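>>> Could you look at this predicted model? Sequence included:
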Amino acid sequence: TFYSAGGSTLGIQTMLSVVVGVKGKVVAARHAHRAFVNTCALIDADVIWVTGEKADVISSSVIPSDIGKVLAEEKDISAVYITSPDYYGRIADIKGISDVCKKHGVPLIVDNAHGSHLAFLEENIHPIALGADICCDSAHKTLPVLTGGAYIHTNSDKYASLIKEKQSLYGSSSPSYLILASLDYCNFTLSESGRKLMKMQSENM
């Protein structure tokens, strides 16, 4: 896990630069954040947009079979990029999509900006736990962290070795220490006492 003082925007920029790279090809759903589009423009990546069978005017969520179909038809895919939860709170089938990606040997990137708390529910449904190769969380959206505080997580040593290098391409060399300190302070929320409090809150929702 790496800290970001530039929100999930810096996370998205970093992840795409680490996994997709210059002139790569990435599969994504239409509800991707504009930071995704901007970064693809910067690294000259080609985007294959997926319109899911169950997509509607509110959300462009995709299901595993949508991704499988594209991966079976297209060649030289660098990564699959999913936004989950989306901007209406819908959570994608990350486990199913991850399984499809692994079958085709393609890494899965998840913009988990609105789901930094998902690892600390009674059932861990965080993207990394469900098979994503790399993801970012906006801690400031769902945890007590100052605006701009975010995480980049990966389960790959290969990606981990590149994250700080790619972060430096986009982020300030003088990140806010207040934001970084708030990420550290947030560790209480993620401790046993904090998790009990979160459980109580979720039961009352």
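Yep, it's here. Note that the structure is predicted; figures quoted are calculated from it, not measured. Numbers count the residues shown, from 1 in each chain.
>>> which one is the residue most central in space within the chain nearest to, not counting chain neighbours?
For the chain, the residue nearest the mean C-alpha position is Asp111 (2.5 Å; CA atoms, centre = their mean). Closest residue in space to Asp111, ignoring its immediate chain neighbours: Thr83 at 4.5 Å, by CB to CB, 6 or more residues apart in numbering. C-beta coordinates here come from the backbone N, C-alpha and C atoms, glycine included.
>>> same check, this time on Ile48
In space, and not counting its chain neighbours, Ile48 is closest to Val27: 4.8 Å by CB to CB, 6+ apart.
>>> List the beta-bridge partners for that neighbour.
Beta-bridge partners recorded for Val27 (DSSP bridges): Ile48, Val80.
>>> what about the residue nearest to Asp111, neighbour count?
26 (other CB atoms under 10 Å).
>>> wouldn't it be in contact with Ala35 here?
No - counting by CB atoms under 8 Å, no contact exists between Thr83 and Ala35, whose distance comes to 10.6 Å.
>>> quick revisit: for the residue nearest to Asp111, give me its contacts.
Ala29, His31, Ala32, His33, Phe36, Ala92, Val110, Asp111, Ala113 (CB atoms under 8 Å, 6 or more residues apart in numbering).
>>> change it to 7 Å
Residues counted as contacts of Thr83 (CB atoms under 7 Å, 6 or more residues apart in numbering) are Ala29, His31, Ala32, His33, Asp111.
>>> Got the phi and psi for the fourth one?
Here is the backbone geometry of His33 (degrees, to the nearest 10): phi -70, psi 150.
>>> pretty sure it contacts Asp111?
Yes - using CB atoms under 7 Å, His33 is in contact with Asp111, at 6.1 Å.
>>> Residues that sit against both of those two, list them.
Between them, His33 and Asp111 share the contacting residues Ile12, Thr83, judged by CB under 7 Å, 6+ apart.
>>> okay, who's weakest in the contacts of Thr83 by pLDDT?
Lowest pLDDT among the contacts of Thr83: His31, with 87.
>>> chain center to the worst-scoring helix or strand of the chain on mean pLDDT: distance?
The weakest-scoring helix or strand in the chain, judged by mean pLDDT, DSSP states H and E, is helix 192-203 (a mean of 71). With CA atoms, centre = their mean, to the nearest Å as the basis, helix 192-203 stands 24 Å off its chain's centre.
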